[in-house]
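Engineer: Provided below are the primary sequence and the corresponding predicted coordinates.
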Amino acid sequence: MNSLLATRAAEIRQEIRKVIVGQETVVENTLIALLAGGHVILEGVPGLAKTLFARALAATLALNFRRIQFTPDLMPSDLVGTNVFQPATQTFKFLPGPIFADILLADEINRTPPKTQSALLEAMEEHQATVDGVSRPLPPHFFVVATQNPIEYEGTFPLPEAQTDRFLFKIKVDYPTPADELTLLQQGPFPGSVESLVKPVASVDDFAAMRAEIEAVTIEPTIFEYTLRLVTASRQSPQLLLGASPRAGRSWLRAARVLAALRERAFVTPDDIKELAYPVLRHRLVRQPETEIEGTPVERVIDQLLASVEVPR
């Protein structure tokens, strides 16, 4: 008998397929991050339907979706909101910004200056936004989907390590396979909005039940030790200037619990840890300058880390 989590995940994928062709790994990893209470960076060139995917995901969950285009002139108040004076009542009224949404698409997040990036940092870590000294809670399912273009860096402000570490996953969005792209080319225009095509399949009550299933997944001591050895190996690697943080290790295990629950297992396996190594680590590991000059991609460094640590039996 299928678990509620596996059933709802299959239904969410089916609904998203109405508007997104392929990209199964992107869909699954984003869903894992959402259920694990994390946030994601989607990295890919323009035109790969990253915005469309975020809207479709929100529609399957009946969650409030907002998109904000990050630009060099974006101010923190454009993100979190501001207090506006009301002459009729001689009082200030708070007008919330787009950050007060369930799913926030931060489009081209690295195009806005650090001052505005820091406003998002508080929201991601503490689930609140502070305006004029008053902190206001964000929705309980607050989830950031940030996008980045891996090619164009002119006029950008690279995210500091303190902020990238607060993203659970960095997910690479690649070009579709030839078969998927052919299907995409043959598609006609959508007859309506994403929200009219994609129906909600999970409720707020479902979220509570799904998270209970995730919490029931057990982690053996050998898995904790294996994760610790991988994290430690990243800090000791001569190819890396900065390895994984303790937050990365905790997030890694939390995501592995979700993956095990999605696969309808009551326990985490070493393969779960290995499978999630790439989205968990690729944005957290800072390569040595000589490693970058040699052209060694971060994924190859992760391959070497996984190969250097013995897998528990």
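Structural biologist: Looks like it came in fine.
Engineer: Check the gap between the residue minimising distance to the centre of the chain and residue 148 for me.
Structural biologist: Geometric centre of the chain, nearest residue: residue 40, 1.4 Å, by CA atoms, centre = their mean. Taken as CB to CB, to the nearest Å, the spacing of residue 40 relative to residue 148 amounts to 11 Å. (Glycine included, C-beta is placed from N, CA and C.)
Engineer: returning to that earlier point: so the residue nearest to the centre of the chain is in contact with residue 32, correct?
Structural biologist: No - under the criterion of CB atoms under 8 Å, residue 40 is not in contact with residue 32, lying 9.2 Å apart.
Engineer: where do the contact lists of these two overlap?
Structural biologist: By the contact definition CB atoms under 8 Å, 6 or more residues apart in numbering, residue 40 and residue 32 are jointly contacted by residue 169.
Engineer: Please name the residues that touch the closest residue to residue 9 other than its chain neighbours.
Structural biologist: If the residues on either side of it in the chain are set aside, residue 9 comes closest to residue 262, at 5.6 Å by CB to CB, 6 or more residues apart in numbering. Neighbour list for residue 262: 5, 6, 9, 28, 31, 32 [criterion: CB under 8 Å, 6+ apart].
Engineer: In three-state terms, label the spatially most distant residue from the centre of the chain for me.
Structural biologist: Of all residues in the chain, residue 88 sits farthest from the chain's C-alpha centroid, using CA atoms, centre = their mean; the distance is 43.0 Å. Taken by DSSP: H, G, I helix; E, B strand; the rest coil, the conformation at residue 88 corresponds to coil.
Engineer: And the strands in the stretch 151-300 of the chain, which stretches?
Structural biologist: When secondary structure is read from DSSP state E, counting those that start in this stretch, the stretch 151-300 of the chain shows strands at 169-172, 240-242, 286-287.
Engineer: can you give me the helices for the stretch 101-250 of the chain?
Structural biologist: Assigned by DSSP state H, counting those that start in this stretch, the stretch 101-250 of the chain shows helices spanning 114-126, 161-164, 178-186, 194-197, 204-215, 221-236, 246-262.
Engineer: Now do the phi/psi pair for the residue farthest from the centre of the chain.
Structural biologist: Backbone geometry at residue 88, expressed as degrees, to the nearest 10, gives phi -60, psi -40.
Engineer: Residue 114 and residue 160 touch, don't they?
Structural biologist: Yes - contact status for residue 114 versus residue 160: in contact at 7.1 Å, counting by CB under 8 Å.
Engineer: per-residue pLDDT, residue 2?
Structural biologist: The confidence metric pLDDT takes the value 69 at residue 2.
Engineer: Can we start the residue count at 16 from this point?
Structural biologist: Happy to do that; since the first residue is 16 now, the last one works out to residue 17.
Engineer: So which of the contacts of residue 277 belong to helices?
Structural biologist: If you go by DSSP state H, those have 20, 21, 24, 43, 46, 47 in helices.
Engineer: residues contacting the first one?
Structural biologist: Read it as residue 20. Under the criterion of CB under 8 Å, 6+ apart, the contact list for residue 20 reads 50, 225, 228, 229, 276, 277.
Engineer: and what of the third one?
Structural biologist: Under the criterion of CB under 8 Å, 6+ apart, the contact list for residue 24 reads 43, 46, 277.
Engineer: can you tell me how far the residue nearest to residue 291 when sequence neighbours are not counted sits from residue 188?
Structural biologist: The shortest distance from residue 291 to any residue that is not its chain neighbour, by CB to CB, 6+ apart, is 5.3 Å, and that residue is residue 270. Distance of residue 270 to residue 188, given as CB to CB: 18 Å.
Engineer: out of these two, which sits in the more crowded spot?
Structural biologist: Each of residue 270 and residue 188 had its neighbours counted (other CB atoms under 10 Å), and the higher figure belongs to residue 270 (27 against 19).
Engineer: Now do the contacts for the more buried one.
Structural biologist: Taking CB under 8 Å, 6+ apart, one finds 47, 48, 51, 53, 183, 184, 291, 295 in contact with residue 270.
Engineer: before we move on, what about residue 269?
Structural biologist: With contacts defined as CB under 8 Å, 6+ apart, residue 269 is in contact with 51, 52, 53, 183.
Engineer: switch to 6 Å and redo it
Structural biologist: Contact analysis of residue 269 by CB atoms under 6 Å, 6 or more residues apart in numbering lists residue 51.
Engineer: what do you get for the one 3 residues further on?
Structural biologist: The contact partners of residue 272, taken as CB under 6 Å, 6+ apart, are 229, 232.
Engineer: Quick check: the gap between it and residue 137.
Structural biologist: As defined by CB to CB, residue 272 lies at a distance of 26 Å from residue 137.
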